[in-house]
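> just a sequence and a predicted model for now, questions to come.
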Amino acid sequence: AQRVTQPEKLLSVFKGAPVELKCNYSYSGSPELFWYVQYSRQRLQLLLRHISRESIKGFTADLNKGETSFHLKKPFAQEEDSAMYYCALNKAGGGNKLTFGTGTQLKVEL
Amino acid sequence: SQTIHQWPATLVQPVGSPLSLECTVEGTSNPNLYWYRQAAGRGLQLLFYSVGIGQISSEVPQNLSASRPQDRQFILSSKKLLLSDSGFYLCAWSVPRGGPQHFGDGTRLSIL
């Protein structure tokens, strides 16, 4: 069965510091991976997906199949980045059913 | 544009009482629909998904059931709530061919 692991429940960084939110997955096939974000008092929303290979709000994530990782990175953290971040996996041919990690709360301090 | 509505936002129910949570989507046809539960300190767990009217797949054995009486309506129900049913319930939709899921605001359910 597929699994998504986010080892950090809480990540605290200073404004302007680099950010890396870790995500590892276990799945024998070819997965589709997403990062979702939930800002305070807002609904869960898509941040980015690996097939798009784009940068959203300064965040990027590269799928590393060798390490089975999809870490989320941003070179300079901003206060408005403080939120809950979830990594999710959609297995190929899986009927678009997502498996979520437990989430990482990012706190950017001034 | 597409929108998703979920209600109620919060609900407090006694053990053994019935449950009905509703989710509706606007601005799209034949969406895939999903119910998730988020327990404290845990990730989102997929409970049910539906690819069409009357088509429901259950992902985990539980005390809950789901129904899709109309194309853009998805209902989460229980005949008798348990304490363990407490949690945060999220409805989501995606286009039929897959891709990103779009979430509602959620319902916080407390069982007393």
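Thanks, I have it. Numbers count the residues shown, from 1 in each chain, chains lettered A, B, ... in the order given.
> and stretch A:19-31, how far apart are its ends?
Chord length of stretch A:19-31, first to last residue, is 24 Å (CA to CA, to the nearest Å).
> buried residues in that stretch?
Across stretch A:19-31, burial judged by 16 or more other CB atoms under 10 Å in any protein chain shown covers A:19, A:21-25, A:27, A:31. Placement of C-beta: from N, CA and C, glycine included.
> now the strands for chain B?
B:3-7, B:10-13, B:19-26, B:32-38, B:44-52, B:55-58, B:65-70, B:73-78, B:87-94, B:102-103, B:107-111 (DSSP state E).
> and among these, the most buried is which?
strand B:32-38 (a mean of 24; mean count of other CB atoms under 10 Å in any protein chain shown).
> could the strands of chain B go into TSV alongside mean pLDDT and distance to A:Phe70?
Below are the strands of chain B laid out as TSV (pLDDT from 0 to 100; distance: least, CB to CB, whole Å):
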stretch	mean pLDDT	distance to A:Phe70
strand B:3-7	95	26
strand B:10-13	96	33
strand B:19-26	96	28
strand B:32-38	94	20
strand B:44-52	92	17
strand B:55-58	92	26
strand B:65-70	96	30
strand B:73-78	97	29
strand B:87-94	95	19
strand B:102-103	94	20
strand B:107-111	95	29
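> quick one, which of those strands is nearest to A:Lys91?
The closest of the strands of chain B to A:Lys91 is strand B:44-52. By CB to CB, the value is 12.0 Å.
> right, is that closest one up against chain A?
Yes. Counting by CB under 8 Å from any CB of the partner chain, chain A is contacted by strand B:44-52 at B:44-46, B:49, B:51.
> what pairs with the residue nearest the centre of chain B across the strands?
Geometric centre of chain B, nearest residue: B:Trp35, 3.2 Å, by CA atoms, centre = their mean. When assigned by DSSP bridges, B:Trp35 has beta-bridge partners B:Phe48, B:Cys91.
> just the pLDDT at B:Val15, thanks.
Note for B:Val15: predicted pLDDT of 96.
> near chain B, which residues of chain A?
Residues of chain A lying near chain B by CB under 8 Å from any CB: A:4, A:6, A:9, A:34, A:43-46, A:49, A:86, A:88, A:90, A:95-103.
> and the residue nearest to the centre of chain B, how far from B:Lys79?
Counting by CB to CB, to the nearest Å, the gap from B:Trp35 to B:Lys79 is 16 Å.
> also A:Pro18?
Distance, A:Pro18 to B:Lys79, by CB to CB: 51 Å.
> got it, and A:Glu32?
36 Å.
> the more surrounded of those two?
A:Glu32 (19 against 11; other CB atoms under 10 Å in any protein chain shown).
> contact partners for the more buried one?
When contacts are counted by CB atoms under 8 Å, 6 or more residues apart in numbering or on different chains, A:Glu32 touches A:49-51, A:89-92.
> just the buried subset of those, please.
Buried subset of the contacts of A:Glu32 (neighbour count, 16+ other CB under 10 Å): A:49-50, A:89-91.
> A:Arg43 reaches B:Asp105, doesn't it?
Yes. The pair A:Arg43 / B:Asp105 is scored as a contact, 5.0 Å apart, by CB atoms under 8 Å.
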